[in-house]
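> fold the following, please.
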Amino acid sequence: TAATTGLKLSSHLRNFDGNFESLDLAEFAKKQPWWRKLFGQESGPSAEKYSVATQLFIGGVTGWCTGFIFQKVGKLAATAVGGGFFLLQLANHTGYIKVDWQRVEKDMKKAKEQLKIRKSNQIPTEVRSKAEEVVSFVKKNVLVTGGFFGGFLLGMAS
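Now for the predicted structure:
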């Protein structure tokens, strides 16, 4: 138990002889009973550890929370960007700032050319490997991800 572990650690501290012993916290946590009850004996797909209802519930709740937060942050970001654009237009109209539209047009053409060049190139290997990891996770945890996306949509709607 935690009490006996604490006693063992304190006895090691009392008998300090200058030598240090490394402690792997991951292995230590895996050996604790509360950790095993909460996360199971080994890590792996949730389908091996939890019932269908539990997987759907966990996915749905986390999805709803994510969707709700995403909605609120999205509204805040849209308000900030829109308000900033409005203030810039107001400042331009009243003469506080002057926009060099020829330079803006030149920069836009330059950006379009860069996008055309990047569009023709292939997907970077880092992006491809991350996408493969996501697909693998979704395949292993279909119920959790299904519940997550359903909850996400409900969170966005609420």
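
> name the next helix or strand following the longest helix seen in the chain along the chain.
Ranked by residue count, the top helix of the chain under DSSP state H comes out as helix 52-94. Per DSSP states H and E, the first helix or strand lying C-terminal to helix 52-94 is helix 101-120.

> that next one: what's the following helix or strand?
Next along the chain after helix 101-120, taking DSSP H and E as the criterion, comes helix 125-140.

> pLDDT (mean, whole number) over that following helix?
Looking at helix 125-140 alone, the average pLDDT works out to 84.

> one more: stretch 66-75?
Throughout stretch 66-75, pLDDT has a mean value of 92.

> can you give me phi and psi for I97?
The phi/psi pair for I97 (degrees, to the nearest 10) reads phi -130, psi 160.

> sorry, back to before: what packs against the longest helix of the chain?
Applying 3 or more CB pairs under 8 Å, 6 or more residues apart in numbering; DSSP states H and E, one finds that helix 52-94 contacts helix 142-157. Where C-beta positions appear, they are placed from N, C-alpha and C, glycine not excepted.

> please name every helix or strand in contact with the helix it packs on.
On a contact count with 3+ CB pairs under 8 Å, 6+ apart, helix 142-157 meets helix 52-94.

> show me where pLDDT drops low in the protein?
Applying pLDDT under 70 to the chain flags the ranges 1-48, 117-121.
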